[in-house]
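Novice: return atomic coordinates for the entry below.
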Amino acid sequence: MPIVAIICTVAFTPWDALWVWTAPLPNTVQEQVDNAITHNLDGIIVYVDKKGKEPEFYSAGWQNKENKIPANPQALFKIASISKLYIAVATAKLVNTKSLSLDKTLADYLPELVGRIENANQITLRMMLQHRSGIPDFIDDPKLPWSNLPTNSNEFLKLVLDKPADFKPNSRYRYSNTNYLLIGNILDKILGYSHRQYIKREILDTLGLTHTYGLLNEVDLRDVTSGYYTKYDGDLKTQTFVIPGGSMVATAQDVGIFLRALNDGSLLNDNEQAIYSSTYVYEHTGLLPGYSSIARYYKDIDTVVIMFVNTSGGNSWTTLEVVYNRIVKILHKQSTKQ
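Specialist: Residues are numbered from 1 along each chain as shown. Alright, predicted model coming up:
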């Protein structure tokens with residue numbers, strides 16, 4: 001790395017992340033996790049799936065710091081936008097059966113939004129899947145009541161109705177949670193029942209994922225990891241987020257099993273895989289108040305790495321990314337010795 005780049009990186013990196021980044025690389029994942037917890041992260045769970053080997057679980061810190069309950073690798077976690085992968089898979093399956101068309105428009109599927117969402121007659125399902133629709137993200141609305149979130153996803157949708165588009169459809173990329181809210185609504189309409197039921201039957205049950213749920217209200221809260229925000233004194237575990245593409249709850253292992261199946265081709269048939277590959281990604285991050293997560297597959301070492309941190313806000317995301325990347329480096333280093 002050029003000297004100027006190093007200086008700029010150091011100058012603009014938060015201190016917690018900088019200390020983690022510049023420390024000598026440990027020999028083991030557990031050492032890295034133990035070190036990371038000293039840098040203002042409340043709890044960490046890491047799941048590692050190396051092809052052909054037993055899964056590995058690592059943890060440090062707290063599942064619930066008020067009651068001094070240690071982080072539990074088997075605990076449930078709000079996986080936030082990692083949920084979008086499941087919706088994209090469901091969509092690919094329905095496109096394959098001709099129940100949906102990637103080239104039909106938002107106006108075709110939800111005509112009531114014509115005149116309420118700009119360019120509804122030009123925005124295709126494909127564009128929404130790819131975050132190329134230009135539809136504003138409801139997350140950006142300053143009126144979003146984070147302290148008392150709506151329990152109906154259409155209340156979130158109202159935040160973007162009658163607003164100008166961010167850009168012309170398909171002219172560029174901009175991540176927008178509203179895209180997947182709308183796709184969830186489209187799936188519900190086409191199916192005639194909740195897309196979450198479809199995901200359970202076609203994805204979760206198929207893979208034997210018994211610790212993945214569509215909504216927080218489906219689980220016993222005692223099994224859910226507590227969530228903490230750096231500027232809020234309290235547990236955010238009970239805060240419900242009902243938006244399609246952001247509402248799911250799962251264990252790290254369940255997410256890891258799903259991610260491997262998505263990447264190795266065992267979840268989708270050839271036609272479905274081709275449809276999926278043309279529309280969405282094979283990894284994701286997730287972020288909700290109190291919950292941060294990364295789910296990725298590394299083909300070169302045939303390894304899935306899932307990381308959950310029950311802290312958000314401040315510099316926690318930067319620290320999380322640094323820790324995650326160091327864990328991946330450790331795994332690469334270990335693979336060369338085998």
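
Novice: all helices for the stretch 101-250 of the chain, in order.
Specialist: 106-109, 125-129, 153-157, 177-191, 195-199, 205-207 (DSSP state H, counting those that start in this stretch).

Novice: which one of those lies nearest to Val224?
Specialist: Among the helices of the stretch 101-250 of the chain, helix 195-199 comes nearest to Val224, with 17.4 Å by CB to CB. Any C-beta I mention is one placed from the backbone N, CA and C, and that applies to glycine too.

Novice: residues of that closest one that come out buried?
Specialist: 195-196, 198-199 (16 or more other CB atoms under 10 Å).

Novice: low-confidence ranges, the protein, go.
Specialist: For the chain, applying pLDDT under 70 flags the ranges 1-21, 338.

Novice: change it to 80
Specialist: 1-22, 337-338 (pLDDT under 80).

Novice: strands of that one, residue ranges please.
Specialist: 43-50, 56-64, 69-70, 77-78, 212-213, 228-229, 249-250, 284-288, 291-298, 303-309, 311-312 (DSSP state E).

Novice: now do stretch 153-162: everything it contacts.
Specialist: 113, 116-117, 135-138, 141, 143-144, 150, 178, 181-182, 184-185, 242-244 (CB atoms under 8 Å, 6 or more residues apart in numbering).

Novice: so how far is stretch 247-254 from its chain's centroid?
Specialist: Stretch 247-254 sits 10 Å away from the centroid of its parent chain (CA atoms, centre = their mean, to the nearest Å).

Novice: export that stretch as CSV, just CAs?
Specialist: The C-alpha coordinates for stretch 247-254 follow below in CSV (Å, rounded to 0.1, in the frame of the first residue of the first chain):
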residue,chain,number,x,y,z
SER,A,247,-37.3,-8.8,9.6
MET,A,248,-35.8,-12.3,10.0
VAL,A,249,-34.3,-13.9,13.1
ALA,A,250,-31.9,-16.8,13.0
THR,A,251,-28.9,-18.5,14.5
ALA,A,252,-25.4,-18.0,12.9
GLN,A,253,-25.3,-21.7,11.9
ASP,A,254,-28.7,-21.5,10.1
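
Novice: pull out the buried residues from it.
Specialist: Neighbour count says stretch 247-254 has 247-254 buried, by 16+ other CB under 10 Å.

Novice: how about those in a markdown table, adding distance to Ala36?
Specialist: A markdown table is the format used below for these (distance: CB to CB, whole Å):
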| residue | distance to Ala36 |
| --- | --- |
| Ser247 | 27 |
| Met248 | 25 |
| Val249 | 23 |
| Ala250 | 22 |
| Thr251 | 20 |
| Ala252 | 16 |
| Gln253 | 20 |
| Asp254 | 23 |
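
Novice: determine which two of these are furthest apart.
Specialist: The most widely separated members of the buried residues of stretch 247-254 are Ser247 and Gln253, with 19.7 Å between them, by CB to CB.

Novice: now the angle from the longest helix along the chain to strand 303-309?
Specialist: For the chain, the helix with the greatest residue count under DSSP state H is helix 316-336. Helix 316-336 and strand 303-309 are oriented at 150 degrees to each other (axes from the mean of the first three to the mean of the last three CA atoms, to 10 degrees).

Novice: what does helix 316-336 rub up against?
Specialist: In contact with helix 316-336 (CB under 8 Å, 6+ apart) are residues 13-14, 16-17, 20-21, 25-29, 32-33, 36, 39-41, 44, 46, 48, 50, 230, 287, 292, 294, 296, 298, 300-301, 303, 305, 307, 309, 311.

Novice: and it with strand 291-298, angle?
Specialist: Using the same axes, to 10 degrees: helix 316-336 against strand 291-298 is 30 degrees.

Novice: show the buried residues in the contacts of stretch 153-162.
Specialist: By 16+ other CB under 10 Å, these give 113, 117, 135-138, 150, 178, 181-182, 184-185, 242-244 as buried.

Novice: for those, which one is nearest Ala92?
Specialist: Closest to Ala92, out of all of the buried ones among the contacts of stretch 153-162 and judged by CB to CB, is Gly184, at 14.7 Å.

Novice: the closest one contacts His195, doesn't it?
Specialist: Yes: using CB atoms under 8 Å, Gly184 is in contact with His195, at 5.4 Å.

Novice: shared neighbours of the two, anything?
Specialist: 87, 244.

Novice: distance of the residue sitting nearest the centre point of the chain from Pro142?
Specialist: For the chain, the residue nearest the mean C-alpha position is Ile82 (2.2 Å; CA atoms, centre = their mean). As judged by CB to CB, to the nearest Å, Ile82 and Pro142 stand 26 Å apart.

Novice: do the same with Ile275
Specialist: Counting by CB to CB - Ile275 and Pro142 are separated by 37 Å.

Novice: for these two, work out which one has more neighbours and name it.
Specialist: A count of neighbours by other CB atoms under 10 Å puts Ile275 above the other of Ile275 and Pro142, at 24 against 5.
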